[in-house]
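[1] Sequence and predicted structure below; questions after.
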Amino acid sequence: MSTVALRADGLGKRYGKRFALEDCTLEVPAGRVVGLVGPNGAGKSTLLNLAVGMLAPTTGTISVLGGEPASSPAQLAKVGYVAQDTPTYAHLTVGEHLELGARLNPAWDTELAERRVARLGLSLDQKARKLSGGQRAQLALTLGVAKRPELLILDEPVASLDPLARREFLQDLMEAVAEHELSVILSSHLVSDLERTCDYLVVLVDSRVRLAGDLEDIVSSHVRLSGPRDAGHPGELVTARHTDVQSTYVVRYSGPIADPSWTVGQLSLEDIVLAYMERRTEPAPRALEVAR
Ligand SMILES: Nc1ncnc2c1ncn2[C@@H]1O[C@H](COP(=O)(O)OP(=O)(O)OP(=O)(O)O)[C@@H](O)[C@H]1O
């Protein structure tokens, strides 16, 4: 079994003149629940579509569980994919979805699929178009899990769900991860959901990977520093704000801050992700200039 879920090297995808994903170099470990977060249009779906072989790279390479995406039946069987808006076939019943799953997937787990559907209270003869958004998402998750992939890729699976349905969906996902030793890559705009669910995070902004790492390391290695205006700061600058007399920096730094003129503030995961998103609007060289 591969120890790397996804490896990208100089990966890029261009539509016309514009890169939807650019210079993406990334190594995501297997056996983890990985969150992919970024603003609208950042390139999240593009990266996930490249990972499942629905798109071909313009530049660079990508491998998933050590293989080229969609390069063989064995590779296809290893990766489950639930696309954005958790698509199902409107005119097929829940039962027909399970039959289709059984026919298309060599490692299909009938018992698991039927057990999940029964637990969710879905009736086998109900047409998908008559399910609620949350039920459809759960059906799509059931199909993804019962395929028994090594890696399950979910593109914004909870976007249309209410908070309770979202929580139930994510709990179900976590149970599936614990029961079936599944690796998961999950995209979402909701950092609080990712914080509850994931142990590894990738932040994508403006088509580029801005941050990737263990969730705990990310939180413990960023701080907010406030001090006299334009005082030099330790670590790598993420954002800088200034008043006439004071500068406030978000920096990547985990060492001790000995200088008493700094006030040190802890950051939540959401603060950190937002700081990386904000950084895109601030040209980095100028920000560094100011920081000196
Ligand atoms: N088929 C396409 N043709 C042209 N441009 C595209 C196509 N698909 C995506 N793009 C562009 O590529 C960029 C990245 O899109 P992508 O769907 O990967 O972003 P995303 O991070 O998933 O966004 P969202 O959070 O809104 O779903 C966007 O600027 C988008 O307009």
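    Here it is on my side, so go on. Numbering: from 1, shown residues only.

[2] Give me the longest helix you can find in this protein.
    Ordering each helix of the chain by length in residues (DSSP state H) puts helix 163-180 first.

[3] what's downstream of that one, the next helix or strand?
    strand 183-187 (DSSP states H and E).

[4] In its sheet, which strands sit next to that following strand, and in what direction?
    Here strand 183-187 is paired, per DSSP bridges, with strand 33-37 (parallel), strand 151-155 (parallel).

[5] which one of those lies closest to the ligand?
    Among the strands paired with strand 183-187, strand 151-155 comes nearest to the ligand, with 7.2 Å by CB to the nearest ligand atom. C-beta here means a position set from N, CA and C on the backbone, and glycine is covered the same way.

[6] Contacts for that closest one next, please.
    With CB atoms under 8 Å, 6 or more residues apart in numbering as the test, strand 151-155 has contacts from 5-6, 30, 44-45, 48, 51-52, 64-65, 78-84, 141, 144-145, 173, 176, 182-187.

[7] Say whether the ligand is contacted by it.
    No - figure legend: strand 151-155 not in contact with the ligand (CB under 6 Å from any ligand atom); closest approach 7.2 Å.

[8] about what we covered before: give me the angle between the longest helix of the chain and strand 151-155.
    With axes from the mean of the first three to the mean of the last three CA atoms, to 10 degrees defining the directions, helix 163-180 sits at 170 degrees from strand 151-155.

[9] Need the CA coordinates for helix 163-180. PDB is fine.
    Taking C-alpha atoms only, helix 163-180 is exported to PDB below (Å, rounded to 0.1, in the frame of the first residue of the first chain):
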ATOM      1  CA  PRO A 163     -25.700  22.400   9.700                       C
ATOM      2  CA  LEU A 164     -27.200  19.300  11.200                       C
ATOM      3  CA  ALA A 165     -27.100  17.300   8.000                       C
ATOM      4  CA  ARG A 166     -23.500  18.500   7.500                       C
ATOM      5  CA  ARG A 167     -22.500  17.300  10.900                       C
ATOM      6  CA  GLU A 168     -24.200  13.900  10.400                       C
ATOM      7  CA  PHE A 169     -22.600  13.500   7.000                       C
ATOM      8  CA  LEU A 170     -19.100  14.300   8.400                       C
ATOM      9  CA  GLN A 171     -19.700  12.000  11.400                       C
ATOM     10  CA  ASP A 172     -20.600   9.200   8.900                       C
ATOM     11  CA  LEU A 173     -17.500  10.000   6.900                       C
ATOM     12  CA  MET A 174     -15.300   9.700  10.000                       C
ATOM     13  CA  GLU A 175     -16.900   6.400  10.900                       C
ATOM     14  CA  ALA A 176     -16.200   5.100   7.500                       C
ATOM     15  CA  VAL A 177     -12.600   6.300   7.800                       C
ATOM     16  CA  ALA A 178     -12.200   4.500  11.100                       C
ATOM     17  CA  GLU A 179     -13.900   1.300  10.000                       C
ATOM     18  CA  HIS A 180     -12.300   0.900   6.600                       C
END
